[in-house]
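Asker: Prediction below, plus the sequence it came from.
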Amino acid sequence: MTEQTARDLFRAAYENRNTWDSNFPGYTADVTYRQGNDVYQGKVRVNPDRKADVLDVEDEQAKKAIASQMWETAIHRVRYSFETTHKENEFSFGETDETGAVEILVGGKCAGDRYKVRDNIITLVHRHIHGVVVTINTFSVQETSEGYLAHRYDSVYHDPATGEQKGGVSQFEDSFENVDGYYILTGRKITTEANGKTYTDEYSFSNVKLLQPAIV
């Protein structure tokens, strides 16, 4: 197996993700955020440039929590070409695990990063970003005619120098709705285990409307 073959395998899975195209018009939605016994309601607006606003939420911590999730959602749905994102990286094969997922090792600009690919889906992301290492395992996906969306996955951060875990392991479960051709997040449940305790945050989005008709 050659470096180019590993690149092709990873590229195919990368391009199989469901992302918003350049005609994405943005949208508005009502949001309900549940943190333990506390419930907060308001509105969100995701603009065509993928930047998000949180409206009518008075509690600042709740507003920040909602804004953080909207930012995470939007940034992962932006469509960048494979060459734009990975042109300075090299790819080689690592091990194949018991599930049949093939490890893709990254060299070049992002040396030290690694991924796993199975059935044209990226099942593991291990990246150095913003001074930490983030590891994401994807357990199930929602298939669409325009690629897949992660449905159940986890996330954990480590110190890149010491390997020490930073914070708890978070389990995510997402749901989406097809709104005029664009898949929009309608629910997210995050369960985090840290310091012997379990914390649950739930975000529900309803009354989703595109800001303008999608351009065909």
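Answerer: On my side now, so go ahead.
Asker: only C-alpha atoms for contact and neighbour calcs from this point on.
Answerer: OK.
Asker: tell me which element residue 98 is part of?
Answerer: Under the criterion DSSP states H and E, no helix or strand holds residue 98.
Asker: next helix or strand past whichever strand or helix holds residue 9?
Answerer: Using DSSP H and E, residue 9 sits in helix 3-14. Going down the chain from helix 3-14, the next helix or strand is strand 27-35, by DSSP H and E.
Asker: Run me through the strand neighbours of whichever helix or strand comes after that next one, direction for each.
Answerer: Sequence-wise, the next helix or strand downstream of strand 27-35 (DSSP H and E) is strand 38-46. Here strand 38-46 has these sheet partners by DSSP bridges: strand 27-35 (antiparallel), strand 52-55 (antiparallel).
Asker: How far off centre is the shortest one?
Answerer: By that I understand strand 52-55. How far strand 52-55 lies from its chain's middle: 19 Å, per CA atoms, centre = their mean, to the nearest Å.
Asker: which residues touch the one helix or strand residue 208 maps to?
Answerer: Assigned by DSSP H and E, residue 208 falls within strand 197-210. With CA atoms under 8 Å, 6 or more residues apart in numbering as the test, strand 197-210 has contacts from 25-36, 66, 179, 184-193.
Asker: Pull out the buried members of those residues.
Answerer: 25-34, 66, 184-192 (16 or more other CA atoms under 10 Å).
Asker: First residue to last residue on stretch 87-105, what's the distance there?
Answerer: End-to-end span of stretch 87-105 (CA to CA, to the nearest Å): 15 Å.
Asker: can you tell me which residue is nearest the centre of the chain?
Answerer: By CA atoms, centre = their mean, the chain has its centre lying nearest to residue 76, at 5.0 Å.
Asker: ok, now how distant is it from residue 39?
Answerer: Taking CA to CA, one finds residue 76 at 26 Å from residue 39.
Asker: For the lowest-mean-pLDDT helix or strand in the chain, list every residue counted as buried.
Answerer: Across the helices and strands of the chain, mean confidence by mean pLDDT, DSSP states H and E is lowest for helix 3-14: a mean of 88. Buried positions in helix 3-14, judged by neighbour count with 16+ other CA under 10 Å: 6-7, 9-11, 13-14.
Asker: same question, stretch 102-113
Answerer: 102-106, 110, 113.
Asker: Kindly report the same for stretch 51-63.
Answerer: Using 16+ other CA under 10 Å as the test for burial, stretch 51-63 gives 52-54, 57, 62-63.
Asker: tell me the contacts of the residue nearest to residue 142 when sequence neighbours are not counted?
Answerer: Nearest residue to residue 142 in three dimensions, chain neighbours excluded: residue 149, at 5.1 Å (CA to CA, 6 or more residues apart in numbering). Counting by CA under 8 Å, 6+ apart, residue 149 touches 17-18, 141-143.
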